[in-house]
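Q: got a predicted structure here, sequence first:
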Amino acid sequence: MADVRSTGKAILRGDARMLVFSGKVWYNHGMKSEHLRALDEYFCALYSDYVKLSALEGYVMPDVLYVAPDGNVARRDSSCMRLCHQAECGALLQKFKDSLADTSFTFSFSFPTLRERISDMFRKETFAKLLPEALRHCGETAEEAGEKLAVEPRFWQKIVRGRLYPEKNTVLALALVTRMQWQDVLNLLAVCGETFREDEVRDVVVRFLIENSIFNERMRDECLAEYHIENLPIRRTQNS
């Protein structure tokens, strides 16, 4: 879980790293909700597509190489290029958001090859085999979970049975609508050959929501909309 407080610090306990935010005043507190401000700070401290960041107008490239106390030339970790280290991080973040478009569209599933289907019969861990336990941890059944996804029931049933493989967008949407535990999400992604990537906008935002247990539909959708994430197959209710 990430511990985000007004002190401007966050601890990512999942991988034992500490992200220290800049402590700058980002937005007028009357203009932006607390969860959106926290997301912005989290995003700037974690997002690491340095090609896109360095292309922003006004971005100042940090000195990666420096002379160490022993006189040798040393290299700083690439994390020094993250937005949280920029003097104008708030303005740069807004420019970044203005340029965003969700390019993460995929189908909800893919078809396993014959070889993969045979291999799955002998694998101890597959998506279909891990899913029931993951759903049990959050008090959901496969049928209830499927009703919350914008996936045709016939295809969802085939995913549940292992006849189809879920795409990453489907796994992330499933995690959000079922309030899934962090480790279960990691396990399901792993058996699908996926992981959370720090250079993917969608992954950073969804990771923030899961780590901080922000599953309220309105707050969740506000966070996704803030970063133009539109392709997760989540079934919206009339009130959301």
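A: All right, it came through fine.
Q: could you identify the longest helix within this protein?
A: Longest helix in the chain, counting residues (DSSP state H): helix 34-46.
Q: tell me the buried residues in that helix?
A: By 16 or more other C-beta atoms under 10 Å, the buried positions in helix 34-46 come out as His35, Leu36, Arg37, Ala38, Leu39, Asp40, Glu41, Tyr42, Phe43, Cys44, Ala45, Leu46. The C-beta positions use only the backbone N, C-alpha and C, and glycine is treated the same way.
Q: ok, now stretch 187-201?
A: Using 16+ other C-beta under 10 Å as the test for burial, stretch 187-201 gives Asn187, Leu188, Leu189, Val191, Cys192, Glu194, Phe196, Glu200, Val201.
Q: can you show me the helices along the protein?
A: Counting by DSSP H, the chain has helices at residues 34-46, 50-54, 89-98, 114-122, 127-137, 142-147, 153-161, 168-177, 182-191, 201-211, 217-226.
Q: those helices: lowest mean pLDDT?
A: Ranked by mean pLDDT, those bottom out at helix 114-122, which scores a mean of 80.
Q: which among the buried residues of stretch 187-201 gets closest to Leu174?
A: Leu188 (7.7 Å; C-beta to C-beta).
Q: surely the closest one is in contact with Ala134?
A: Yes - shown here, Leu188 and Ala134 form a contact pair, counting by C-beta atoms under 8 Å, at 6.1 Å.
Q: how close does Ser33 sit to Pro62?
A: Separation of Ser33 from Pro62 (C-beta to C-beta, to the nearest Å): 31 Å.
Q: look up how far Cys80 lies from the residue in the chain sticking out farthest from the centre.
A: Residue farthest from the centre of the chain, counting by C-alpha atoms, centre = their mean, is Gly71 at 40.3 Å. Using C-beta to C-beta, Gly71 is found at 21 Å from Cys80.
Q: no further queries at this time; thank you.
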